[in-house]
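Asker: Fold the following.
(chains A and B)
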Amino acid sequence: MVLYFLISIVLFGVGIVELIFRKAAITEKIVLGFLLGNGIFTLLLFLLGLAGFNYTFLNVFILVTLIGPIFYTTIRFAILKSAIVKKNGVEVLFSQIRKFINSLSRLEKFIFAFIVFILFSALLSGFYWPVRDWDALTLYDFRARTILDEGNLSVFHLSNYYISHPPMTTFSHLWVYIAAFKYPVFIYVFYYLSLVYCFYRILIKFIKRKHASIFTLLLVIFFPLYEHAGIAYTNLPYTTYIILGLLYLFCWVKNANKGFLLISALLVGLSTWTRSTEPIWVLALLVCFAMALYLRQFRLFVFYAAAVYLIRIPWLNFVSNITQVSAFTEAASLNYPQQIASTYNFNMLFEVLRYFWDNSMKHDIVLLSAFLISVFTAALYSRKNLKNILLSLIIVLGAYSLLLVGSYIYRLNQTYANWIQLGESLRRISMLFTPLLLFFTAVNMSDLKDNKEL
Amino acid sequence: MNKNILKNTLNPFAYVFPLYILFTFFVLFAETYKYPGIFSNYFYIDAKYFVYLTPLLGLIYIVLQRGSGSLENILINLFFKINRVAFLLLFLLYILILTLESANYPNYIFSKYHFHPDGMLMILLFNLALYLTDLFCYEINEKKIKPLMFSLSKKNTIFAFVVILFSFYFFKNAQFTLNHAIASNAYVFSHIYDDYDSKMRRRWGFFYDYMKFVKDNTPEDAVIVIPPHIRPWLSAGNDSLVRYFLYPRKLVSGNETNPPDRDYDFVIVAKGLRHVEDEMYGWPKSPVEASTVLYINDDDLSTEVIYGNFDPVQKVYEWGLIRK
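Answerer: Just a heads-up that it's a prediction; the model follows:
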């Protein structure tokens, strides 16, 4: 039954991808289908719960069937007017796979074999272990089990702790439990697989396949990401959504294909449905805004922001209604510059900088150095690609800056004793920088490779 | 051809990379047999940096390699050929070792066979480093790029520096990722039939058994007093954590020294799991009125019932449950 639920959710996502990003390869559609399907389905479960939906097996089964096979079939026949599976489609797919494998060099074969081994290990652990990590038990999985037992959303009213993070992963666990499967950790492995695969697919749009495989290996070998594939925390799904959202946004900036923009909007929106405290989504909005102004197509920014906010707002409003406090809404965040200015304190700033260095930047220093070398060298010797180099710098440094500002604001609002214990949490959040640094180093270095001036 | 071989035999650079390979293997084997870290104890250099440096030295070898008939090339190619087979064998051997360790007990391999699996991991990583260098050399040769075309140009220098950084990053992470991947596979295959309880016990130890004990001995509508959320009761006193195991039972946090003073049905008896001074362990610290006290032994999970009030001085075991 869990397989049926999973396939239906993926079909739902593929249906959405077919509508907005037809040109994607079939495998990319399936992977994006999982990401969008699971994200939007969990949001749908939440919204229905607010409307009084009872989370019984029958209800969820009907819902999954409606949004999965029925929705997808409707999209294919009625809107796209094409067959679900093309004639000889499966044969063509297998022959493409065979052709791909035969075209690999020895180095690439080894790299892909190594990547497959690591991914297989993650998958094995994902299906074997139950949810067992601290925060997963106390928050994400507890909410899922309680919703399963009670059939409603009463758990969110138990205490403010249970509304501290959006429930994307909670509802992911819920549909797995409703499907009578005890081990939902495999979902996190699928997020890991999706991140790795989409990273590779996006990278080969800009650099040679061999180099893309090397950088994908560097991503797969990154221990915190691999480790989190077996931990039922929100960090890995969040990293997957926000990073792929930013990378597809970069593709749009380079390519102007609106499909990339729409996919990016949904992914960035879903990142806020996974974790709402990190402000990296603001960076995506700013980049889109700047690009829309440059292209003189401001409506694109409006669509982008609307997509992000449509996903973001329901949870924030729900929390506001429970807490009767507007701290989670955008209105409160407008006070942040004033708050920072009025409480500026050099000692506290130094304390936050050191904390940020110890728990975030220090761990990326090697990749950050490689990235900065690639940026400065590309800027000096590859002037025709200055726009890309500038954009890579804005995205990477922008992400660091937003997280630093977020850390400072958090410090202002917390006692020192509470704040200093969250170093481990900042380290987990910071794992999003590695894919960014690897991606943009690869793109900048490939610009250099063919440069005759060097 | 013979003149070249003779000429290169007298060239000290011909032996640098082969000697480096032999030296690194020797150091890593020594660390596996004696203990990881022995080299740094005597020479203040961590042996793993030799592994990190391998791609750089391999790169220099590629840049400076002479014609195909050189002695250096013959030696290196021989090492690479042996390494291709050795890498696969060592990989399978490492999986076997970790499987044996998982199937028995921690430190099984060292106690039975007297070598350290951690050291073996570094040998495996070094094999991997050599294999990757081998593959890169093959790629260069496939393109039939003449060695003399390589030079210390700005581009090559920048690329070399970036290769060093990536090599450092790769092996630093590979050490953990590869070990974790192999160890977790080994554990899963050697415990494939474990049930949910066994898996949770693996992560939570006795605390999981204790929560099951409390759950099995209290009704769903019970009100249970738990220790305060301070050391050493950071687990048993964490209401969010305990709630996961005991929901829908209601939880009330107790006071550190005074007896529980609210309406309740049960009170947790908890030693505490976090490290503190010996006299700080144990809760409640005062007598509690009770009808029965059910104790559980954290060694063998046996239980014992005592009728009457709870006295912290006369506990049977350190963990239990007081029924009002």
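
Asker: Mean confidence (pLDDT) on stretch B:168-179, please.
Answerer: Averaged across stretch B:168-179, the pLDDT comes to 92.

Asker: other SSEs contacting the biggest helix by length in chain A?
Answerer: Using DSSP state H, we find that the single longest helix of chain A is helix A:386-413. Applying 3 or more Cβ pairs under 8 Å, 6 or more residues apart in numbering or on different chains; DSSP states H and E, one finds that helix A:386-413 contacts helix A:235-255, helix A:280-295, helix A:336-342, helix A:346-359, helix A:365-381, helix A:423-429, helix A:433-449. Every C-beta, even on glycine, is put in place using the N, C-alpha and C of the backbone.

Asker: Would you format these as TSV with distance to chain B included?
Answerer: Below are the helices and strands packed on helix A:386-413 laid out as TSV (distance: least, Cβ to the nearest Cβ, whole Å):
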stretch	distance to chain B
helix A:235-255	14
helix A:280-295	22
helix A:336-342	29
helix A:346-359	18
helix A:365-381	4
helix A:423-429	14
helix A:433-449	7
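
Asker: Need the winner for burial among those helices.
Answerer: Comparing these by mean neighbour count (mean count of other Cβ atoms under 10 Å in any protein chain shown), helix A:235-255 ranks first with a mean of 25.

Asker: and the helices and strands packed on helix A:386-413, which one's lowest on average pLDDT?
Answerer: helix A:336-342 (a mean of 56).

Asker: ok, for the residue in the stretch 201-350 of chain A positioned nearest to chain B, nearest residue in space, not its chain neighbours?
Answerer: Closest to chain B within the stretch 201-350 of chain A is residue A:223: 4.1 Å, counting by Cβ to the nearest Cβ. With Cβ to Cβ, 6 or more residues apart in numbering or on different chains as the criterion, residue A:223 has its nearest non-adjacent residue at 4.1 Å, and that residue is residue B:176.

Asker: low-scoring pLDDT stretches of the chain, where are they?
Answerer: Picked chain A for this. Low-confidence segments of chain A (pLDDT under 70): A:79-90, A:324-345, A:383-384, A:414-421, A:447-454.

Asker: Let me rephrase: I mean chain B.
Answerer: B:1-14, B:62-72, B:141-153, B:259, B:261-262.

Asker: what is the orientation angle of the longest helix along it with helix A:433-449?
Answerer: In chain B, with assignment by DSSP H, the single longest helix is helix B:154-190. Helix B:154-190 and helix A:433-449 are oriented at 140 degrees to each other (axes from the mean of the first three to the mean of the last three Cα atoms, to 10 degrees).

Asker: what comes up buried for helix B:154-190?
Answerer: By 16 or more other Cβ atoms under 10 Å in any protein chain shown, the buried positions in helix B:154-190 come out as B:155, B:158-159, B:162-188.

Asker: and the helix or strand following that helix, which residues are buried?
Answerer: Following helix B:154-190 in sequence order, the next helix or strand is helix B:196-204 (DSSP states H and E). By neighbour count with 16+ other Cβ under 10 Å, helix B:196-204 contains the buried residues B:199-201, B:204.

Asker: Tell me how far residue B:319 lies from chain A.
Answerer: 20 Å (Cβ to the nearest Cβ, to the nearest Å).

Asker: I figured that residue was touching residue B:269, is that so?
Answerer: Yes - at 6.0 Å, residue B:319 and residue B:269 qualify as touching, with contact defined as Cβ atoms under 8 Å.

Asker: related to what we said a few turns ago, now do the longest helix of chain A against helix A:433-449, angle only.
Answerer: 160 degrees.

Asker: tell me which residues of helix A:386-413 are tucked away?
Answerer: Under the neighbour-count criterion of 16+ other Cβ under 10 Å, helix A:386-413 has A:388-389, A:391-393, A:395-396, A:398-400, A:402-412 buried.

Asker: who in the stretch 151-300 of chain B is up against chain A?
Answerer: By Cβ under 8 Å from any Cβ of the partner chain, the part of the stretch 151-300 of chain B that sits against chain A consists of B:153-155, B:158-159, B:161-162, B:165-166, B:168-170, B:172-174, B:176-178, B:180-182, B:184-185, B:188, B:196, B:199-200, B:203-204, B:238, B:240-241, B:243-244, B:247-248.

Asker: And the strands in the stretch 201-324 of chain B?
Answerer: All strands of the stretch 201-324 of chain B, identified by DSSP state E, counting those that start in this stretch, fall at B:223-226, B:250-253, B:266-269, B:292-296, B:303-307, B:319-323.

Asker: CSV for the ones you listed, including mean neighbour count?
Answerer: Formatted as CSV, those follow (neighbours: other Cβ atoms under 10 Å in any protein chain shown):
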stretch, mean neighbour count
strand B:223-226, 22
strand B:250-253, 16
strand B:266-269, 25
strand B:292-296, 21
strand B:303-307, 13
strand B:319-323, 23
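
Asker: Relative to residue A:298, which of the ones you listed is closest?
Answerer: Proximity to residue A:298, assessed across these by Cβ to Cβ, is greatest for strand B:250-253 (53.6 Å).

Asker: Now do the closest one: everything it contacts.
Answerer: With Cβ atoms under 8 Å, 6 or more residues apart in numbering or on different chains as the test, strand B:250-253 has contacts from B:221-229, B:237, B:239, B:242-243, B:260, B:262, B:264.

Asker: now with 6 Å?
Answerer: Residues outside strand B:250-253 that contact it (Cβ atoms under 6 Å, 6 or more residues apart in numbering or on different chains): B:223-226, B:228, B:239, B:242-243, B:262.

Asker: And stretch A:102-114, by the same measure?
Answerer: By Cβ under 6 Å, 6+ apart, stretch A:102-114 touches A:210, A:213, A:217, B:135, B:138-139.

Asker: what does the stretch 1-150 of chain B have sitting close to chain A?
Answerer: Within the stretch 1-150 of chain B, the positions adjacent to chain A are B:135, B:138-139 by Cβ under 6 Å from any Cβ of the partner chain.

Asker: Tell me the most packed of those, by neighbour count.
Answerer: residue B:135 (19 neighbours; other Cβ atoms under 10 Å in any protein chain shown).

Asker: That residue sits in which helix or strand?
Answerer: helix B:117-142.

Asker: Could you tell me the angle between that helix and helix B:154-190?
Answerer: If you take the same axes, to 10 degrees, helix B:117-142 sits at 130 degrees to helix B:154-190.
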